[in-house]
Every structure is written in C-alpha cells, then in structure tokens.
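Asker: got a structure for you, letters missing:
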C-alpha cells in the first residue's frame, strides 16, 4: 500500500513532464513567473474597453499572489521525498532506526531513497559483522591473558591484569575510554 504522505507528490510529479527534481522546480518557477502575465493578458483581452487602473492593479496582484501561493505549495509537495530522507538519516543517526522508504517512486527522488535504504542496510550489516569480530577478538584476548597469567603464576607473584576491553567484553558492557 502506498504511503499517503507521497500521494500529493506522485500526483504533482505526474502533472509535470520532467524526470528530475531540478527540472520540476524549474517548471514551477516558470509557472510562477508566467501566471501573472497570463492573467494580465487575459484581463486586457477579455475586459471591456473602459477598465480602470485600480482593476488592472487588483487583477495583476491577485494573479501574482495566486501564482506565488500555488508555486510554494507545489514546491513543498515536490520536496516531500527530501524531507523524508533527512528524517530517515536523523533517525538512523540518533536511534539506529530505519524508516520504510517507498521504493515505487520511479524518478530521481525515488532513486535517492532506494540508494539511502540500501546504504543503511549495508552499514548495519557491516556494524553487526564488526561487533562479531570484536567479540571474538576480545574472547581470544581473554584466553591469551588468562594463559599468560596461569603460566606466570608459579614463577612470580605478579599477575598480568586483563585489559579494559577484555573486562568489558566479559561483563557485556562497553569499554570506558
């Protein structure tokens, strides 16, 4: 089931005949600039010949405000995937949590989200592998130190203490620096 937060994005992206976000933003920019000019042209063409300056200014201002508001709304909707990527990265950094990013978006924003999802999954696999290697190395270091202590015990009164990392691995806590 598609994520409802992307419904407007998909609809707007479908209206704009561009693949990249950059081109879509350029299209919105052209709309924002041209809409007041089109409004003014229509007013001049379809208005009666006795139009006043106040009517002309009101029409141009109305067209400008409507175009600005519409452009801002469209840009906000087009930036939805980027906000989701930022939120996902923040959540991963803070909590190591991964949000489900949509994979059915087939433009450059969809590719960005798919790449981010793959990168986070790869990082998690690497982190798990490193933790396994670290625990194996710590256990081996404990055995080596214990063997050294056992070998040194009959010959001297000095016992080699365990390293802080080995003690931490033994007590299942993180080592203190």
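Answerer: Arrived safely, thanks for sending. What you are looking at is a predicted structure, and each value in this text was computed from that prediction instead of being measured.
Asker: elements contacting the lengthiest helix in the chain?
Answerer: If you go by DSSP state H, the chain has its longest helix at helix 108-152. The helices and strands touching helix 108-152, judged by 3 or more C-beta pairs under 8 Å, 6 or more residues apart in numbering; DSSP states H and E, are helix 80-95, helix 164-171. Any C-beta I mention is one placed from the backbone N, CA and C, and that applies to glycine too.
Asker: Could you tell me the least trusted of those?
Answerer: Mean pLDDT per stretch puts helix 164-171 lowest among the helices and strands packed on helix 108-152, at a mean of 53.
Asker: from the chain's centre, how far out does the longest helix of the chain sit?
Answerer: Centroid separation between helix 108-152 and its chain, computed with C-alpha atoms, centre = their mean, to the nearest Å, is 25 Å.
Asker: low-scoring stretches of this protein, by residue?
Answerer: Residue ranges of the chain with pLDDT under 70: 1-5, 97-99, 152-177.
Asker: Check which helix or strand the residue lying closest to residue 47 once chain neighbours are set aside maps to.
Answerer: Nearest residue to residue 47, sequence neighbours excluded (C-beta to C-beta, 6 or more residues apart in numbering): residue 55, at 7.3 Å. Using DSSP states H and E, residue 55 sits within helix 53-78.
Asker: any idea of the angle that helix forms with helix 108-152?
Answerer: Orientation of helix 53-78 against helix 108-152 (axes from the mean of the first three to the mean of the last three C-alpha atoms, to 10 degrees) gives an angle of 40 degrees.
Asker: What is the neighbour count of residue 66?
Answerer: 13 (other C-beta atoms under 10 Å).
Asker: ok, now how distant is it from residue 79?
Answerer: Residue 66 sits 21 Å away from residue 79, going by C-beta to C-beta, to the nearest Å.
Asker: Now do the contacts for the closest residue in space to residue 112 that isn't next to it in sequence.
Answerer: Residue nearest to residue 112 in three dimensions, not counting chain neighbours: residue 85, with 6.2 Å by C-beta to C-beta, 6+ apart. Each residue near residue 85 by C-beta atoms under 8 Å, 6 or more residues apart in numbering is listed here: 101, 112, 113, 116.
Asker: Could you verify my assumption that the first one touches residue 84?
Answerer: Yes. Using C-beta atoms under 8 Å, residue 101 makes contact with residue 84 at a distance of 6.6 Å.
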